[in-house]
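Enquirer: Mind looking at a prediction? Sequence and model below.
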Amino acid sequence: MSATIERDGDIWVSSKTGTRWQVVCGLEVHAQLRTRTKLFCGCETSFGNPPNSRTCPVCTGQPGSLPVLNEDALALGVRAALAIGADVAPWSKFDRKNYFYCDIPKNYQISQFDRPYCTGGGIDLPSGKRIRLHRIHLEEDAGKAIHDRGTTTLVDLNRAGTPLIESVTEADVTTPEDAFEYLTALKEILIYAGASNANMEKGELRCDVNVSVHPAGEGWRTKVEVKNLNSFRNVAAALEHEVLRQIVDYESGDESRFPVQETRLWDADKLVTRSMRSKEAADDYRYFTEPDLPPLTVSESFLEQQRNMLPELPAARRSRYVRELGLSQYDAEVLTGDRAVADFFEAAARISGRPKEAANWISNEVLRALGDADFAATTIDELPLKPNDLAELIALIAEGTIHSAAGRKVMRAMLETGDAAKSVVERLGLEQVEDTGRLEEWCRAALDGKDAIIADVKDGKEKALGALIGPVMQASGGKANPQMVREILRRLILES
(Lines give C-alpha, C1' and ligand atoms only; values in the text may rest on other atoms or scores of the structure.)
Protein backbone atom coordinates (compact mmCIF):
# COMPACT_ATOMS: atom_id res chain seq x y z
CA MET A 1 0.00 0.00 0.00
CA SER A 2 1.19 3.52 -0.77
CA ALA A 3 2.92 5.28 2.12
CA THR A 4 0.39 8.14 1.76
CA ILE A 5 -2.72 5.94 1.86
CA GLU A 6 -3.83 4.01 4.94
CA ARG A 7 -6.81 1.76 5.56
CA ASP A 8 -9.39 2.44 8.26
CA GLY A 9 -11.74 -0.51 7.84
CA ASP A 10 -13.55 0.01 4.53
CA ILE A 11 -12.27 3.59 4.25
CA TRP A 12 -9.00 4.50 2.53
CA VAL A 13 -7.45 7.57 4.17
CA SER A 14 -4.96 9.89 2.46
CA SER A 15 -2.28 11.15 4.84
CA LYS A 16 -1.42 13.77 2.20
CA THR A 17 -4.82 15.51 2.11
CA GLY A 18 -6.73 13.86 4.95
CA THR A 19 -9.44 12.84 2.48
CA ARG A 20 -11.41 9.72 3.40
CA TRP A 21 -11.99 7.74 0.22
CA GLN A 22 -14.71 5.14 -0.31
CA VAL A 23 -14.37 2.27 -2.77
CA VAL A 24 -17.18 1.14 -5.04
CA CYS A 25 -16.42 -2.26 -6.56
CA GLY A 26 -18.37 -4.99 -8.27
CA LEU A 27 -17.20 -8.33 -9.66
CA GLU A 28 -18.17 -10.04 -12.89
CA VAL A 29 -17.42 -13.76 -12.78
CA HIS A 30 -17.66 -16.10 -15.77
CA ALA A 31 -18.00 -19.77 -14.83
CA GLN A 32 -17.99 -22.58 -17.36
CA LEU A 33 -20.88 -24.94 -16.84
CA ARG A 34 -20.05 -28.60 -16.36
CA THR A 35 -21.59 -29.94 -19.55
CA ARG A 36 -20.26 -32.51 -22.01
CA THR A 37 -21.19 -30.39 -25.03
CA LYS A 38 -21.39 -26.71 -25.93
CA LEU A 39 -24.31 -24.36 -25.32
CA PHE A 40 -25.92 -24.45 -28.76
CA CYS A 41 -24.32 -27.42 -30.57
CA GLY A 42 -23.07 -30.95 -29.98
CA CYS A 43 -19.34 -30.24 -29.97
CA GLU A 44 -17.49 -31.51 -26.89
CA THR A 45 -16.18 -29.07 -24.28
CA SER A 46 -13.16 -31.23 -23.37
CA PHE A 47 -9.91 -29.39 -22.55
CA GLY A 48 -6.52 -29.72 -24.23
CA ASN A 49 -7.57 -30.89 -27.68
CA PRO A 50 -5.70 -29.88 -30.88
CA PRO A 51 -6.69 -26.37 -32.03
CA ASN A 52 -10.00 -26.12 -33.89
CA SER A 53 -10.73 -29.84 -33.52
CA ARG A 54 -13.93 -29.34 -31.48
CA THR A 55 -15.90 -27.18 -33.88
CA CYS A 56 -18.89 -27.41 -36.21
CA PRO A 57 -20.95 -25.10 -38.49
CA VAL A 58 -22.97 -23.83 -35.50
CA CYS A 59 -20.14 -22.75 -33.20
CA THR A 60 -18.09 -21.35 -36.10
CA GLY A 61 -21.04 -19.30 -37.37
CA GLN A 62 -21.46 -20.86 -40.79
CA PRO A 63 -24.36 -19.49 -42.92
CA GLY A 64 -27.60 -21.41 -42.47
CA SER A 65 -26.59 -23.09 -39.19
CA LEU A 66 -29.06 -22.78 -36.31
CA PRO A 67 -28.44 -22.94 -32.53
CA VAL A 68 -30.27 -25.42 -30.27
CA LEU A 69 -30.15 -24.87 -26.50
CA ASN A 70 -28.33 -27.46 -24.40
CA GLU A 71 -30.86 -28.38 -21.69
CA ASP A 72 -28.10 -29.64 -19.38
CA ALA A 73 -26.57 -26.16 -19.41
CA LEU A 74 -29.90 -24.65 -18.40
CA ALA A 75 -30.29 -27.18 -15.58
CA LEU A 76 -26.81 -26.47 -14.20
CA GLY A 77 -27.30 -22.72 -14.52
CA VAL A 78 -30.57 -22.95 -12.58
CA ARG A 79 -28.95 -25.13 -9.94
CA ALA A 80 -26.14 -22.60 -9.47
CA ALA A 81 -28.69 -19.79 -9.14
CA LEU A 82 -30.65 -21.69 -6.50
CA ALA A 83 -27.46 -22.43 -4.55
CA ILE A 84 -26.72 -18.70 -4.38
CA GLY A 85 -30.29 -17.90 -3.36
CA ALA A 86 -31.19 -16.09 -6.58
CA ASP A 87 -34.67 -15.74 -8.08
CA VAL A 88 -35.07 -17.69 -11.32
CA ALA A 89 -37.30 -15.98 -13.84
CA PRO A 90 -40.13 -18.06 -15.33
CA TRP A 91 -39.49 -16.30 -18.66
CA SER A 92 -36.27 -14.89 -20.11
CA LYS A 93 -34.68 -14.57 -23.53
CA PHE A 94 -31.41 -14.65 -25.43
CA ASP A 95 -29.91 -11.63 -27.20
CA ARG A 96 -27.20 -10.95 -29.72
CA LYS A 97 -24.28 -8.93 -28.38
CA ASN A 98 -22.65 -7.53 -31.51
CA TYR A 99 -18.95 -6.81 -31.75
CA PHE A 100 -16.12 -7.69 -34.08
CA TYR A 101 -13.09 -9.62 -32.94
CA CYS A 102 -11.10 -12.45 -34.46
CA ASP A 103 -12.23 -15.04 -31.88
CA ILE A 104 -15.96 -14.25 -32.40
CA PRO A 105 -16.75 -16.23 -35.55
CA LYS A 106 -20.34 -14.89 -35.92
CA ASN A 107 -19.32 -11.29 -35.10
CA TYR A 108 -21.82 -11.51 -32.25
CA GLN A 109 -22.13 -13.45 -29.01
CA ILE A 110 -25.38 -15.06 -27.90
CA SER A 111 -25.97 -13.75 -24.39
CA GLN A 112 -28.79 -12.30 -22.27
CA PHE A 113 -29.30 -8.55 -21.93
CA ASP A 114 -32.46 -7.07 -20.43
CA ARG A 115 -34.16 -10.32 -19.38
CA PRO A 116 -31.58 -12.57 -17.66
CA TYR A 117 -32.64 -15.95 -16.38
CA CYS A 118 -32.12 -14.96 -12.74
CA THR A 119 -31.65 -11.97 -10.45
CA GLY A 120 -30.86 -11.35 -6.78
CA GLY A 121 -29.29 -13.70 -4.29
CA GLY A 122 -26.00 -13.24 -2.50
CA ILE A 123 -23.17 -14.79 -0.52
CA ASP A 124 -22.34 -14.26 3.17
CA LEU A 125 -18.61 -13.94 3.74
CA PRO A 126 -16.66 -15.32 6.73
CA SER A 127 -16.10 -11.69 7.76
CA GLY A 128 -19.87 -11.30 8.21
CA LYS A 129 -20.34 -9.04 5.19
CA ARG A 130 -22.91 -10.00 2.55
CA ILE A 131 -22.14 -9.53 -1.15
CA ARG A 132 -25.39 -9.25 -3.08
CA LEU A 133 -25.88 -10.56 -6.62
CA HIS A 134 -27.41 -8.25 -9.20
CA ARG A 135 -27.97 -10.88 -11.88
CA ILE A 136 -26.74 -14.08 -13.49
CA HIS A 137 -27.11 -14.72 -17.20
CA LEU A 138 -26.34 -17.51 -19.65
CA GLU A 139 -24.05 -16.94 -22.60
CA GLU A 140 -21.64 -18.66 -24.96
CA ASP A 141 -17.89 -18.21 -24.71
CA ALA A 142 -15.64 -16.80 -27.40
CA GLY A 143 -12.67 -18.62 -28.89
CA LYS A 144 -9.04 -18.03 -27.96
CA ALA A 145 -6.74 -15.60 -29.77
CA ILE A 146 -2.97 -16.07 -29.43
CA HIS A 147 -1.02 -12.87 -30.12
CA ASP A 148 2.51 -13.93 -29.18
CA ARG A 149 3.68 -14.84 -32.69
CA GLY A 150 5.13 -11.52 -33.79
CA THR A 151 2.76 -9.95 -36.32
CA THR A 152 0.65 -13.11 -36.60
CA THR A 153 -2.44 -13.89 -34.54
CA LEU A 154 -3.58 -17.51 -34.22
CA VAL A 155 -7.19 -18.37 -33.42
CA ASP A 156 -8.46 -21.53 -31.73
CA LEU A 157 -12.26 -21.87 -31.77
CA ASN A 158 -12.47 -24.95 -29.53
CA ARG A 159 -13.86 -22.76 -26.72
CA ALA A 160 -16.29 -20.88 -28.98
CA GLY A 161 -19.80 -21.76 -27.85
CA THR A 162 -18.76 -23.18 -24.46
CA PRO A 163 -21.61 -22.62 -21.97
CA LEU A 164 -21.01 -19.93 -19.34
CA ILE A 165 -22.90 -18.23 -16.58
CA GLU A 166 -21.87 -14.67 -15.81
CA SER A 167 -22.67 -13.54 -12.29
CA VAL A 168 -22.59 -9.81 -11.57
CA THR A 169 -22.43 -8.54 -8.00
CA GLU A 170 -23.80 -5.33 -6.62
CA ALA A 171 -21.13 -2.77 -5.71
CA ASP A 172 -20.73 -4.26 -2.22
CA VAL A 173 -17.01 -5.09 -2.45
CA THR A 174 -14.93 -2.44 -0.68
CA THR A 175 -11.64 -4.20 0.13
CA PRO A 176 -9.30 -6.74 -1.50
CA GLU A 177 -10.21 -9.14 1.33
CA ASP A 178 -13.89 -8.91 0.34
CA ALA A 179 -13.03 -9.88 -3.23
CA PHE A 180 -10.87 -12.83 -2.19
CA GLU A 181 -13.45 -14.18 0.28
CA TYR A 182 -16.32 -13.77 -2.18
CA LEU A 183 -14.54 -15.57 -5.01
CA THR A 184 -13.46 -18.39 -2.69
CA ALA A 185 -17.04 -18.85 -1.45
CA LEU A 186 -18.52 -18.64 -4.97
CA LYS A 187 -16.10 -21.26 -6.29
CA GLU A 188 -16.97 -23.61 -3.41
CA ILE A 189 -20.70 -23.21 -4.06
CA LEU A 190 -20.39 -23.82 -7.82
CA ILE A 191 -18.35 -26.98 -7.25
CA TYR A 192 -20.66 -28.30 -4.50
CA ALA A 193 -23.72 -27.68 -6.67
CA GLY A 194 -22.07 -29.62 -9.50
CA ALA A 195 -22.58 -26.64 -11.79
CA SER A 196 -18.92 -26.02 -12.63
CA ASN A 197 -15.47 -27.46 -12.02
CA ALA A 198 -14.31 -23.83 -11.65
CA ASN A 199 -10.73 -24.64 -12.64
CA MET A 200 -9.02 -21.29 -13.31
CA GLU A 201 -6.02 -22.95 -14.97
CA LYS A 202 -8.36 -24.35 -17.64
CA GLY A 203 -10.24 -21.07 -18.05
CA GLU A 204 -13.34 -22.41 -16.32
CA LEU A 205 -13.51 -19.47 -13.91
CA ARG A 206 -12.61 -15.90 -14.88
CA CYS A 207 -13.15 -12.64 -13.05
CA ASP A 208 -13.28 -8.97 -14.06
CA VAL A 209 -13.24 -6.13 -11.52
CA ASN A 210 -15.15 -2.86 -11.85
CA VAL A 211 -13.86 -0.25 -9.43
CA SER A 212 -14.14 3.45 -8.68
CA VAL A 213 -13.31 5.68 -5.72
CA HIS A 214 -14.88 8.85 -4.34
CA PRO A 215 -14.52 11.02 -1.25
CA ALA A 216 -16.82 9.88 1.55
CA GLY A 217 -20.18 11.62 1.35
CA GLU A 218 -19.86 12.53 -2.33
CA GLY A 219 -21.37 10.88 -5.40
CA TRP A 220 -19.83 7.98 -7.30
CA ARG A 221 -17.15 8.72 -9.86
CA THR A 222 -15.84 7.10 -13.04
CA LYS A 223 -15.75 3.30 -13.10
CA VAL A 224 -12.75 1.39 -14.47
CA GLU A 225 -12.79 -2.28 -15.51
CA VAL A 226 -9.76 -4.52 -14.88
CA LYS A 227 -9.28 -7.78 -16.81
CA ASN A 228 -6.65 -10.52 -17.18
CA LEU A 229 -7.01 -11.73 -13.58
CA ASN A 230 -6.05 -15.40 -13.46
CA SER A 231 -6.09 -16.03 -9.69
CA PHE A 232 -7.98 -14.83 -6.64
CA ARG A 233 -4.78 -13.30 -5.25
CA ASN A 234 -4.31 -11.37 -8.47
CA VAL A 235 -7.89 -10.08 -8.17
CA ALA A 236 -7.14 -8.80 -4.66
CA ALA A 237 -3.77 -7.32 -5.71
CA ALA A 238 -5.24 -5.63 -8.80
CA LEU A 239 -8.08 -4.14 -6.77
CA GLU A 240 -5.68 -2.67 -4.21
CA HIS A 241 -3.39 -1.27 -6.91
CA GLU A 242 -6.27 0.26 -8.87
CA VAL A 243 -7.76 1.91 -5.77
CA LEU A 244 -4.41 3.47 -4.93
CA ARG A 245 -3.80 4.54 -8.55
CA GLN A 246 -7.16 6.27 -8.78
CA ILE A 247 -6.76 8.05 -5.42
CA VAL A 248 -3.26 9.28 -6.31
CA ASP A 249 -4.43 10.48 -9.75
CA TYR A 250 -7.40 12.33 -8.31
CA GLU A 251 -5.27 13.94 -5.61
CA SER A 252 -2.72 15.10 -8.19
CA GLY A 253 -5.19 17.82 -9.19
CA ASP A 254 -4.25 17.26 -12.85
CA GLU A 255 -7.52 16.54 -14.67
CA SER A 256 -5.65 14.91 -17.53
CA ARG A 257 -4.69 12.16 -15.07
CA PHE A 258 -8.20 11.63 -13.69
CA PRO A 259 -9.54 8.11 -14.28
CA VAL A 260 -11.60 7.62 -17.44
CA GLN A 261 -14.09 4.87 -18.29
CA GLU A 262 -11.84 2.22 -19.77
CA THR A 263 -10.73 -1.39 -19.64
CA ARG A 264 -7.33 -2.01 -18.10
CA LEU A 265 -5.20 -5.16 -17.98
CA TRP A 266 -3.44 -6.47 -14.88
CA ASP A 267 0.27 -7.09 -15.30
CA ALA A 268 1.00 -9.79 -12.71
CA ASP A 269 4.78 -9.47 -13.21
CA LYS A 270 4.98 -5.71 -12.64
CA LEU A 271 1.94 -5.63 -10.28
CA VAL A 272 0.33 -2.72 -12.15
CA THR A 273 -2.68 -2.14 -14.38
CA ARG A 274 -2.27 -0.66 -17.86
CA SER A 275 -4.79 0.76 -20.29
CA MET A 276 -6.20 -1.64 -22.89
CA ARG A 277 -9.13 0.19 -24.56
CA SER A 278 -12.01 2.54 -23.86
CA LYS A 279 -14.90 0.75 -22.14
CA GLU A 280 -17.90 0.00 -24.33
CA ALA A 281 -21.39 0.88 -23.14
CA ALA A 282 -24.47 -1.28 -23.77
CA ASP A 283 -25.41 0.82 -26.81
CA ASP A 284 -22.07 -0.02 -28.42
CA TYR A 285 -23.02 -3.69 -28.56
CA ARG A 286 -26.32 -3.01 -30.41
CA TYR A 287 -28.17 -5.71 -28.47
CA PHE A 288 -31.28 -7.21 -30.02
CA THR A 289 -33.33 -10.34 -29.33
CA GLU A 290 -31.81 -13.53 -30.76
CA PRO A 291 -34.22 -14.45 -33.60
CA ASP A 292 -33.12 -18.10 -33.89
CA LEU A 293 -33.93 -19.08 -30.28
CA PRO A 294 -37.35 -19.12 -28.59
CA PRO A 295 -37.88 -17.48 -25.17
CA LEU A 296 -36.49 -19.44 -22.23
CA THR A 297 -39.20 -20.77 -19.90
CA VAL A 298 -38.56 -22.43 -16.54
CA SER A 299 -41.43 -24.30 -14.87
CA GLU A 300 -41.97 -24.70 -11.12
CA SER A 301 -41.57 -28.47 -11.47
CA PHE A 302 -38.18 -27.98 -13.19
CA LEU A 303 -37.10 -25.59 -10.41
CA GLU A 304 -38.11 -28.09 -7.75
CA GLN A 305 -36.26 -30.87 -9.54
CA GLN A 306 -33.03 -28.84 -9.57
CA ARG A 307 -33.54 -27.71 -5.97
CA ASN A 308 -33.80 -31.36 -4.88
CA MET A 309 -30.46 -32.10 -6.58
CA LEU A 310 -28.58 -29.56 -4.46
CA PRO A 311 -26.33 -31.06 -1.78
CA GLU A 312 -25.66 -29.56 1.63
CA LEU A 313 -23.67 -26.44 0.78
CA PRO A 314 -20.23 -25.63 2.28
CA ALA A 315 -21.35 -23.03 4.83
CA ALA A 316 -24.00 -25.39 6.22
CA ARG A 317 -21.49 -28.24 6.32
CA ARG A 318 -18.96 -26.16 8.23
CA SER A 319 -21.55 -25.20 10.79
CA ARG A 320 -22.64 -28.83 11.25
CA TYR A 321 -19.06 -30.09 11.62
CA VAL A 322 -18.44 -27.61 14.44
CA ARG A 323 -21.82 -28.06 16.08
CA GLU A 324 -22.31 -31.84 15.82
CA LEU A 325 -18.84 -33.32 15.32
CA GLY A 326 -16.89 -31.05 17.65
CA LEU A 327 -14.38 -29.88 15.04
CA SER A 328 -12.63 -26.54 15.25
CA GLN A 329 -13.73 -23.81 12.85
CA TYR A 330 -10.33 -24.03 11.15
CA ASP A 331 -10.57 -27.80 10.57
CA ALA A 332 -14.13 -27.41 9.30
CA GLU A 333 -13.00 -24.81 6.78
CA VAL A 334 -10.11 -26.97 5.58
CA LEU A 335 -12.31 -30.02 5.11
CA THR A 336 -15.15 -28.24 3.32
CA GLY A 337 -12.99 -26.26 0.91
CA ASP A 338 -13.39 -29.09 -1.62
CA ARG A 339 -16.54 -31.21 -1.89
CA ALA A 340 -14.60 -34.41 -2.61
CA VAL A 341 -12.50 -33.89 0.54
CA ALA A 342 -15.62 -33.24 2.62
CA ASP A 343 -17.28 -36.38 1.25
CA PHE A 344 -14.13 -38.40 2.00
CA PHE A 345 -14.03 -37.05 5.56
CA GLU A 346 -17.68 -37.80 6.25
CA ALA A 347 -17.30 -41.38 5.04
CA ALA A 348 -14.14 -41.95 7.12
CA ALA A 349 -15.69 -40.33 10.19
CA ARG A 350 -18.83 -42.45 9.89
CA ILE A 351 -16.95 -45.74 9.42
CA SER A 352 -14.42 -45.08 12.18
CA GLY A 353 -16.77 -43.35 14.60
CA ARG A 354 -13.92 -40.94 15.38
CA PRO A 355 -14.49 -37.67 13.45
CA LYS A 356 -11.73 -35.68 15.17
CA GLU A 357 -9.10 -38.30 14.39
CA ALA A 358 -10.34 -38.55 10.79
CA ALA A 359 -10.16 -34.75 10.47
CA ASN A 360 -6.59 -34.67 11.80
CA TRP A 361 -5.34 -37.40 9.48
CA ILE A 362 -6.93 -35.81 6.42
CA SER A 363 -5.77 -32.28 7.24
CA ASN A 364 -2.22 -33.19 8.28
CA GLU A 365 -1.35 -36.17 6.09
CA VAL A 366 -3.77 -36.84 3.24
CA LEU A 367 -4.02 -33.28 1.92
CA ARG A 368 -0.26 -32.87 2.26
CA ALA A 369 0.18 -35.76 -0.16
CA LEU A 370 -1.74 -33.84 -2.84
CA GLY A 371 1.04 -31.24 -2.88
CA ASP A 372 3.85 -33.80 -2.72
CA ALA A 373 5.84 -34.34 -5.91
CA ASP A 374 6.20 -38.03 -4.98
CA PHE A 375 2.49 -38.55 -5.65
CA ALA A 376 0.86 -38.06 -9.05
CA ALA A 377 -2.55 -37.30 -7.54
CA THR A 378 -3.84 -33.73 -7.52
CA THR A 379 -7.30 -34.51 -6.10
CA ILE A 380 -8.30 -36.76 -3.23
CA ASP A 381 -10.26 -39.01 -5.59
CA GLU A 382 -7.03 -39.85 -7.43
CA LEU A 383 -5.32 -41.21 -4.32
CA PRO A 384 -5.29 -44.99 -3.77
CA LEU A 385 -6.38 -44.33 -0.17
CA LYS A 386 -10.13 -44.69 0.43
CA PRO A 387 -12.26 -43.72 3.47
CA ASN A 388 -12.48 -47.29 4.77
CA ASP A 389 -8.65 -47.55 4.60
CA LEU A 390 -8.28 -44.48 6.79
CA ALA A 391 -10.92 -45.79 9.19
CA GLU A 392 -8.96 -49.04 9.52
CA LEU A 393 -5.77 -47.13 10.34
CA ILE A 394 -7.58 -45.05 12.96
CA ALA A 395 -8.92 -48.25 14.54
CA LEU A 396 -5.45 -49.83 14.72
CA ILE A 397 -4.14 -46.81 16.62
CA ALA A 398 -7.17 -46.65 18.91
CA GLU A 399 -6.81 -50.35 19.74
CA GLY A 400 -3.12 -49.93 20.56
CA THR A 401 -1.89 -52.16 17.74
CA ILE A 402 0.36 -49.32 16.58
CA HIS A 403 1.06 -45.84 17.92
CA SER A 404 0.53 -42.60 16.02
CA ALA A 405 4.20 -42.20 14.97
CA ALA A 406 4.09 -45.65 13.35
CA GLY A 407 0.71 -44.68 11.91
CA ARG A 408 2.37 -41.98 9.83
CA LYS A 409 4.71 -44.59 8.33
CA VAL A 410 1.70 -46.78 7.59
CA MET A 411 -0.16 -43.85 6.01
CA ARG A 412 2.78 -43.10 3.72
CA ALA A 413 2.93 -46.71 2.58
CA MET A 414 -0.83 -46.81 2.03
CA LEU A 415 -0.66 -43.67 -0.13
CA GLU A 416 2.19 -45.16 -2.15
CA THR A 417 0.82 -48.67 -2.65
CA GLY A 418 -2.91 -48.64 -1.91
CA ASP A 419 -2.41 -51.57 0.49
CA ALA A 420 -4.68 -52.00 3.52
CA ALA A 421 -3.44 -50.73 6.87
CA LYS A 422 -3.22 -54.16 8.51
CA SER A 423 -1.13 -55.62 5.69
CA VAL A 424 1.25 -52.65 5.81
CA VAL A 425 1.65 -53.01 9.58
CA GLU A 426 2.45 -56.72 9.21
CA ARG A 427 4.83 -56.16 6.28
CA LEU A 428 6.77 -53.43 8.08
CA GLY A 429 6.63 -55.17 11.46
CA LEU A 430 5.18 -52.13 13.22
CA GLU A 431 2.96 -53.85 15.79
CA GLN A 432 3.42 -52.26 19.20
CA VAL A 433 5.49 -54.24 21.69
CA GLU A 434 3.55 -54.68 24.92
CA ASP A 435 5.66 -57.44 26.44
CA THR A 436 6.49 -56.11 29.91
CA GLY A 437 9.82 -57.91 30.11
CA ARG A 438 11.16 -56.45 26.87
CA LEU A 439 9.83 -52.99 27.71
CA GLU A 440 11.43 -53.05 31.16
CA GLU A 441 14.76 -54.07 29.62
CA TRP A 442 14.71 -51.03 27.29
CA CYS A 443 13.59 -48.75 30.13
CA ARG A 444 16.42 -49.84 32.45
CA ALA A 445 18.92 -49.15 29.66
CA ALA A 446 17.45 -45.67 29.16
CA LEU A 447 17.72 -44.93 32.93
CA ASP A 448 21.39 -45.88 33.11
CA GLY A 449 23.41 -42.76 33.98
CA LYS A 450 20.39 -40.45 34.06
CA ASP A 451 20.62 -39.53 37.75
CA ALA A 452 19.57 -35.90 37.21
CA ILE A 453 16.42 -36.89 35.37
CA ILE A 454 15.62 -39.52 37.97
CA ALA A 455 15.94 -36.89 40.71
CA ASP A 456 13.64 -34.52 38.83
CA VAL A 457 10.95 -37.18 38.45
CA LYS A 458 11.18 -38.04 42.17
CA ASP A 459 10.69 -34.33 42.89
CA GLY A 460 7.40 -34.45 40.99
CA LYS A 461 8.63 -33.05 37.68
CA GLU A 462 6.62 -35.42 35.50
CA LYS A 463 7.68 -33.77 32.24
CA ALA A 464 11.21 -35.01 32.80
CA LEU A 465 10.01 -38.48 31.76
CA GLY A 466 9.84 -37.22 28.17
CA ALA A 467 13.65 -37.23 27.95
CA LEU A 468 13.63 -40.97 28.69
CA ILE A 469 10.73 -42.08 26.49
CA GLY A 470 12.56 -41.02 23.30
CA PRO A 471 15.55 -43.31 23.82
CA VAL A 472 13.23 -46.23 24.67
CA MET A 473 11.24 -45.68 21.46
CA GLN A 474 14.47 -45.47 19.49
CA ALA A 475 15.80 -48.69 21.03
CA SER A 476 12.55 -50.47 20.20
CA GLY A 477 12.50 -49.27 16.59
CA GLY A 478 9.39 -47.26 17.38
CA LYS A 479 7.44 -50.36 18.41
CA ALA A 480 7.21 -49.86 22.18
CA ASN A 481 3.83 -48.89 23.60
CA PRO A 482 4.56 -45.32 24.76
CA GLN A 483 1.94 -45.35 27.53
CA MET A 484 3.33 -48.58 28.98
CA VAL A 485 6.85 -47.18 28.67
CA ARG A 486 5.84 -44.12 30.70
CA GLU A 487 4.31 -46.23 33.46
CA ILE A 488 7.28 -48.61 33.64
CA LEU A 489 9.78 -45.72 33.78
CA ARG A 490 7.81 -44.07 36.56
CA ARG A 491 7.65 -47.33 38.55
CA LEU A 492 11.36 -48.09 38.13
CA ILE A 493 12.33 -44.58 39.23
CA LEU A 494 10.09 -44.57 42.30
CA GLU A 495 11.35 -48.03 43.31
CA SER A 496 15.00 -47.05 42.99
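Expert: Structure's in. What do you need?
Enquirer: Which parts of stretch 400-410 count as buried, going by neighbours?
Expert: 401, 402, 403, 406, 407, 410 (16 or more other C-beta atoms under 10 Å). For every residue, glycine as well, the C-beta is placed using N, CA and C.
Enquirer: Which single one of these is nearest to residue 132?
Expert: Taking C-beta to C-beta as the measure, residue 132 lies nearest residue 407 of the buried residues of stretch 400-410, at 47.0 Å.
Enquirer: what's the nearest residue to residue 418 if we skip its chain neighbours?
Expert: Distances taken as C-beta to C-beta, 6 or more residues apart in numbering put residue 384 closest to residue 418, at 3.1 Å, once the chain neighbours are dropped.
Enquirer: so the one you found touches residue 415, yeah?
Expert: Yes: at 6.8 Å, residue 384 and residue 415 qualify as touching, with contact defined as C-beta atoms under 8 Å.
Enquirer: Looking only at neighbour counts, state which of the two leads.
Expert: residue 415 (22 against 13; other C-beta atoms under 10 Å).
Enquirer: what's that one sitting at in phi/psi?
Expert: phi -70, psi -30 (degrees, to the nearest 10).
Enquirer: who touches it in this structure?
Expert: Going by C-beta atoms under 8 Å, 6 or more residues apart in numbering, residue 415 touches 366, 369, 375, 383, 384, 385.
Enquirer: And stretch 133-152, what's buried?
Expert: 133, 134, 135, 136, 137, 138, 139, 140, 141, 142, 143.
Enquirer: Counting by contacts, list what the helix or strand the fourth one falls within packs against.
Expert: Okay, so that is residue 136. Under the criterion of DSSP states H and E, residue 136 resides in strand 130-140. Contacts defined by 3 or more C-beta pairs under 8 Å, 6 or more residues apart in numbering; DSSP states H and E place strand 130-140 against helix 71-83, strand 108-111, strand 118-119, strand 122-124, strand 163-169.
Enquirer: So for residue 268, which of these sits nearest?
Expert: Here strand 163-169 is closest among these (C-beta to C-beta), at 22.6 Å.
Enquirer: Could you tell me which strands that closest one is paired with, and in which direction each runs?
Expert: Strand pairing for strand 163-169, using DSSP bridges, gives strand 20-32 (antiparallel), strand 130-140 (antiparallel).
Enquirer: can these go into JSON lines with extra columns for distance to residue 153 and mean pLDDT?
Expert: As requested, those are exported to JSON lines (distance: least, C-beta to C-beta, whole Å; pLDDT from 0 to 100):
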{"stretch": "strand 20-32", "distance to residue 153": "22", "mean pLDDT": "97"}
{"stretch": "strand 130-140", "distance to residue 153": "21", "mean pLDDT": "98"}
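Enquirer: Reformat the ones you listed as CSV; add distance to residue 159.
Expert: Converted to CSV, these look like this (distance: least, C-beta to C-beta, whole Å):
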stretch, distance to residue 159
strand 20-32, 9
strand 130-140, 9
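Enquirer: Of all the ones you listed, which one is nearest residue 424?
Expert: Closest among these, once you apply C-beta to C-beta, is strand 20-32, at 40.6 Å.
Enquirer: that older thread, out of the buried residues of stretch 400-410, the closest to residue 449 would be?
Expert: Taking the buried residues of stretch 400-410 together and measuring to residue 449 by C-beta to C-beta, the closest member is residue 403, at 26.2 Å.
Enquirer: Test my guess that the closest one contacts residue 482.
Expert: Yes: counting by C-beta under 8 Å, residue 403 does reach residue 482; the two are 5.7 Å apart.
Enquirer: Show me the common contact partners of those two, please.
Expert: By C-beta under 8 Å, 6+ apart, no residue touches both residue 403 and residue 482.
Enquirer: ok, back up a step: compile the helices and strands packed on strand 130-140 into TSV and extend it with columns for distance to residue 27 and mean pLDDT.
Expert: Formatted as TSV, these follow (distance: least, C-beta to C-beta, whole Å; pLDDT from 0 to 100):
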stretch	distance to residue 27	mean pLDDT
helix 71-83	15	98
strand 108-111	18	96
strand 118-119	16	98
strand 122-124	11	96
strand 163-169	5	98
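Enquirer: Quick one: neighbours of the nearest residue to residue 68 once chain neighbours are set aside, just the number.
Expert: Nearest residue to residue 68 in three dimensions, chain neighbours excluded: residue 40, at 6.0 Å (C-beta to C-beta, 6+ apart). Neighbours of residue 40 under the rule other C-beta under 10 Å: 23.
Enquirer: ok, residue 215 to residue 15 distance?
Expert: Residue 215 sits 15 Å away from residue 15, going by C-beta to C-beta, to the nearest Å.
Enquirer: In terms of neighbours, single out the busier of these two.
Expert: Legend: neighbour count by other C-beta under 10 Å for residue 215 and residue 15, higher for residue 215 (15 against 11).
Enquirer: ok, that one - contacts?
Expert: 19, 20, 21, 22.
Enquirer: Residue 368 too?
Expert: Listed by C-beta under 8 Å, 6+ apart, the contact set of residue 368 is empty.
Enquirer: Validate this expectation: it resides in a helix.
Expert: Yes: residue state for residue 368 (DSSP: H, G, I helix; E, B strand; the rest coil) corresponds to a helix.
Enquirer: how near is it to residue 415?
Expert: On the measure of C-beta to C-beta, residue 368 and residue 415 end up 10 Å apart.
Enquirer: Without its sequence neighbours, what residue ends up closest to residue 154?
Expert: Using C-beta to C-beta, 6+ apart, the closest residue to residue 154 is residue 146 (4.3 Å).
Enquirer: go on, residue 80?
Expert: Per C-beta to C-beta, 6+ apart, closest to residue 80 is residue 195, 3.8 Å.
Enquirer: isn't the one you found right up against residue 77?
Expert: Yes: contact between residue 195 and residue 77 holds when scored by C-beta under 8 Å: they sit 7.1 Å apart.
Enquirer: which residues do these two both contact?
Expert: With C-beta under 8 Å, 6+ apart, residue 195 and residue 77 have common neighbours 33, 165.
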